[in-house]
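In: Any chance you could fold what I've pasted below:
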Amino acid sequence: MAGKIKIAIAGLGNCASSIVQGLYYYKDAPDDEHIPGLMHTRFGDYHISDVEVVAVFDINTKKIGKDVSEAIYAEPNCVKKFADVPYMNIQVLPGPISDGVAEHMKEPFFCYPNPDDAVDVAHVLKETGAEILVNFLPVGSEEATKIYAQAALDSHVAFANGIPSFIVSDKEWSQKFMDAGLPAAGDDIKSQLGATILHRVLMQLMHDRGIRVEETYQLNVGGNTDFLNMKKEDRLTTKRISKTKAVTSVLPYDVPTRIGPSDYVPFLEDNKICYINANGRNFGDHPINMQLKLSVQDSPNSAGVMIDVIRALRIALDRGIAGPLISMSAYAFKHPPVQIPDFEGKERVEKFIRGEIDR
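Out: Below is the predicted model:
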């Protein structure tokens, strides 16, 4: 069943730019070469070069109408260029606005003025032959995400939800994909080595080594549009739930916790800085304190993970698997339908690739 994997992308921000650049950066990588950020250069039958972008939707007038190869660098994107992307002959299309942009973002996002100018997403997906729709809208795009999810259902396309608007982890929506015979993976992409996965593993380590965790917090700052968007707390509700549950789910007891974006620092651009603090008790009831700082380019940190998700969804399409991909979602997303310890999740994905489990 190997061949091109045709994908559409909703939201041509920094994460999508990193995916497009990565597809060209690694297109000639030998199968036995280790690519940082990917589980495998060839994931099942599919090489990274098999992923092909066929449609892109955005609301930014500096991107709409331009070829994707140019639009991935358009303002306000600030991800570092790491690959030369040739002319792709794919124009960015005006997607539904809905709540996909916050009021304070309409000017910096150069949002097009007339919502009626949006294309029919389902029609475009059918016309381009897209097989998978990747959702990378801004955090807080609850209704816009549902519009794209419904378009995927209407056009019989698989769905990868990279943001914390709960679709795949929602029983009603997951059942819709099951009934349509379509696989889905989500919600809220977990980076290769980001704040959530690091905090989660540290909490698991403390618990496994007998430390009683008493309280913990995670503070994040960055300068990309994701952090600018999240300056408004009312767009952060599901994000805080997603990140907090991802961390606390590894502990069998409740812990006072504060996790989530903290501030927007423009000059950091796509660099994300994370501070993690945890207090606990060890043998003899003595205190133990952990403080950690992580600095990482934010958008490429998730791009490779999403490329693995895309290839897992294509395998599911090949095998006629419908509904949420439990193993891939647990490994690659913060708020999956079922939380599974990360190392166990990785082994389950390997079994999925080999066909030993069906989801």
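In: mind listing what Arg42 touches?
Out: By Cβ atoms under 8 Å, 6 or more residues apart in numbering, the residues touching Arg42 are Asp31, Ile48. From N, CA and C alone the C-beta is placed, and that goes for glycine too.
In: in the sheet, who's paired with it?
Out: His47 (DSSP bridges).
In: Next, find the distance separating it from Val51.
Out: Separation of Arg42 from Val51 (Cβ to Cβ, to the nearest Å): 12 Å.
In: swap in Glu269?
Out: Where Val51 is concerned, Glu269 sits at a distance of 26 Å (Cβ to Cβ).
In: swap in Gly345?
Out: Taken as Cβ to Cβ, the span from Gly345 to Val51 is 22 Å.
In: Check Asp120 too.
Out: From Asp120 to Val51 the distance is 24 Å (Cβ to Cβ).
In: Give me the more crowded residue out of those two.
Out: Val51 (23 against 14; other Cβ atoms under 10 Å).
In: Report the beta-bridge partners for the more buried one.
Out: Here Val51, judged by DSSP bridges, has bridge partners Ile5.
In: Do you know the pLDDT at it?
Out: pLDDT for Val51: 98.
In: Ok, the one 3 residues further on next?
Out: Looking at Val54, its pLDDT stands at 98.
In: That one in helix, strand or coil?
Out: strand (DSSP: H, G, I helix; E, B strand; the rest coil).
In: Tally up the residues packed near it, please.
Out: 20.
In: Quick one: residues contacting it.
Out: Lys6, Ile7, Ala8, Ile90, Thr128, Gly129, Ala130.
In: and those as CSV, adding pLDDT, distance to Phe283 and neighbour count?
Out: What follows is the contacts of Val54, written out as CSV (pLDDT from 0 to 100; distance: Cβ to Cβ, whole Å; neighbours: other Cβ atoms under 10 Å):
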residue, pLDDT, distance to Phe283, neighbour count
Lys6, 98, 56, 19
Ile7, 98, 51, 27
Ala8, 98, 54, 27
Ile90, 98, 60, 19
Thr128, 98, 61, 17
Gly129, 98, 61, 13
Ala130, 98, 56, 25
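In: For those, which two are the farthest from each other?
Out: Ile90 and Gly129 (12.5 Å; Cβ to Cβ).
In: Show me the strands in the protein, by range?
Out: Assigned by DSSP state E, the strands in the chain fall at 5-10, 42-43, 46-47, 51-58, 93-94, 132-135, 158-161, 183-185, 212-222, 257-264, 271-281, 287-297, 323-324.
In: Let's have the ones you listed in CSV, adding distance to Phe109.
Out: Formatted as CSV, these follow (distance: least, Cβ to Cβ, whole Å):
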stretch, distance to Phe109
strand 5-10, 14
strand 42-43, 33
strand 46-47, 33
strand 51-58, 9
strand 93-94, 13
strand 132-135, 17
strand 158-161, 21
strand 183-185, 27
strand 212-222, 17
strand 257-264, 14
strand 271-281, 20
strand 287-297, 21
strand 323-324, 31
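In: Could you check how far the closest residue to Ser165 other than its chain neighbours is from Leu198?
Out: With sequence-adjacent residues excluded and distances taken as Cβ to Cβ, 6 or more residues apart in numbering, Ser165 is closest to Thr145, at 3.9 Å. Note on Thr145: its distance to Leu198, by Cβ to Cβ, is 26 Å.
In: One more: Lys190?
Out: In terms of Cβ to Cβ, Lys190 sits 10 Å off from Leu198.
In: still on that earlier bit, show me what contacts the residue nearest to Ser165?
Out: Asn135, Leu137, Asn161, Ile163, Ser165, Ile167.
In: tell me the two of these that are most distant?
Out: Spanning the widest gap among the contacts of Thr145 are Leu137 and Ile167, at 11.5 Å by Cβ to Cβ.
In: the more surrounded of Lys190 and Leu198?
Out: Neighbours were counted for Lys190 and for Leu198 using other Cβ under 10 Å; Lys190 has more, 27 against 18.
In: So what does the more buried one have for phi and psi?
Out: phi -100, psi 120 (degrees, to the nearest 10).
In: could you list every residue that touches it?
Out: Thr196, Ile197, Ala246, Ser302, Val305, Tyr331, Ala332, Phe333, Lys334.
In: pretty sure Leu137 is in contact with Ala149, am I right?
Out: No - using Cβ atoms under 8 Å, Leu137 is not in contact with Ala149; the gap is 10.9 Å.
In: Show me which of those two is the more surrounded one.
Out: Leu137 (28 against 24).
In: Excluding chain neighbours, what is closest to that one?
Out: Leu137 sits nearest to Gly11 (Cβ to Cβ, 6+ apart), 4.3 Å away.
In: now do Leu236
Out: In space, Leu236 is closest to Met230, 5.6 Å off (Cβ to Cβ, 6+ apart).
In: distance of Lys126 from Ile64?
Out: From Lys126 to Ile64 the distance is 21 Å (Cβ to Cβ).
In: who has more neighbours, those two?
Out: Taking other Cβ under 10 Å, Lys126 and Ile64 do not tie; Ile64 has more neighbours (22 against 15).
In: how about that one, phi and psi?
Out: According to degrees, to the nearest 10, Ile64 has phi -60, psi 130.
In: Touching, it and Ile97? I think so.
Out: No - Ile64 is beyond contact range of Ile97, at 11.6 Å (criterion: Cβ under 8 Å).
In: hey, what's in contact with both of those two?
Out: Tyr112.
In: Distance of the residue nearest to Ser165 relative to Val121?
Out: In terms of Cβ to Cβ, Thr145 sits 12 Å off from Val121.
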